[in-house]
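**Q** predicted coordinates and the sequence they were generated for:
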Amino acid sequence: MFLIPGYIITVLTFPGVIVHEFAHMLLCRLRGVAVLDFCFFRFGDPAGYVVHEETNNFTTTFLISVGPFIVNSLLCIIICFPVLIPMRIFGVVNKFYYVLLWLGISIGMHAFPSIGDAHLLFQQAKKAAVTLHPLAIISLPLVIAIYIANGLRVVWFDYIYGVAIGLGLPTLLLQYW
């Protein structure tokens with residue numbers, strides 16, 4: 001693998017940043033949590049953010065924190081799968097298909113919650129786990145996985161994930177179709 005500065009990757013995959021932050025905002029709205037400030041994309045660190053009011057409901061914290069993983073992963077599959085059908089089954093290649101694949105993989109690359117999301121989830125999970133909240137107990141190892149996934153970004157783990165769910169999963173499904 002080779003090293004490309006993070007801000008260049010962020011600019012090249014900006015749709016994923018936008019969808020990631022949109023997913024946070026969507027879950028805030030669906031759970032009735034006020035959004036205090038947001039930025040879907042900017043040239044800076046972080047590239048996007050959603051600031052929301054604090055909540056003591058662990059399920060809400062969990063959904064807001066992992067919402068981008070669910071939304072970005074699903075959108076990546078939904079965008080890439082229909083493109084792969086004509087390409088893999090019928091051998092039809094169109095330049096627009098490559099744009100859609102870039103879009104899908106860009107969105108998939110930004111599926112993982114950030115370190116800040118993991119930190120918030122961990123703090124709330126510790127409190128909720130004392131009451132044996134099942135989602136909180138499951139969240140503790142999940143937080144570790146989020147930290148590991150973020151650490152592995154330096155070896156393109158986010159790209160590998162985007163390609164795996166955007167191209168690999170549909171290709172695997174098409175083999176059995």
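**A** That came in fine, so what should we check first?
**Q** quick one, strands of this structure?
**A** 35-39, 49-52 (DSSP state E).
**Q** Leu12 contacts Met109, correct?
**A** No: taking contacts as Cβ atoms under 8 Å, Leu12 lies outside contact range of Met109: 9.6 Å. Yep, even glycine has a C-beta here, placed from its N, CA and C like the rest.
**Q** of the two, who's got more company?
**A** For the pair Leu12 and Met109, the greater number of neighbours falls to Met109 (28 against 13), based on other Cβ atoms under 10 Å.
**Q** dump the residue contacts of the nearest residue to the more buried one once chain neighbours are set aside.
**A** With Cβ to Cβ, 6 or more residues apart in numbering as the criterion, Met109 has its nearest non-adjacent residue at 4.0 Å, and that residue is Gly162. By Cβ atoms under 8 Å, 6 or more residues apart in numbering, the contact set of Gly162 is Gly16, Cys76, Gly104, Ile105, Ser106, Ile107, Gly108, Met109, Ala111.
**Q** apply 6 Å and report the result again.
**A** Contact analysis of Gly162 by Cβ atoms under 6 Å, 6 or more residues apart in numbering lists Ile105, Gly108, Met109.
**Q** and for the one residue sitting closest to the centre of the chain, nearest residue in space, chain neighbours not counted?
**A** In the chain, the centroid-proximal residue (Cα atoms, centre = their mean) is Ala111; its distance is 1.2 Å. Distances taken as Cβ to Cβ, 6+ apart put Asn72 closest to Ala111, at 3.7 Å, once the chain neighbours are dropped.
**Q** I figured the one you found hits Ile107, correct?
**A** Yes: shown here, Asn72 and Ile107 form a contact pair, counting by Cβ atoms under 6 Å, at 5.2 Å.
**Q** now do the buried residues in stretch 65-81.
**A** With burial defined by 16 or more other Cβ atoms under 10 Å, the residues of stretch 65-81 counted as buried are 65-69, 71-73, 75-77, 79-81.
**Q** please read the previous query as pertaining to stretch 40-57.
**A** Within stretch 40-57, the residues scored as buried using 16+ other Cβ under 10 Å are Phe40, Phe41, Ala47, Gly48, Tyr49, Val50, His52, Thr55.
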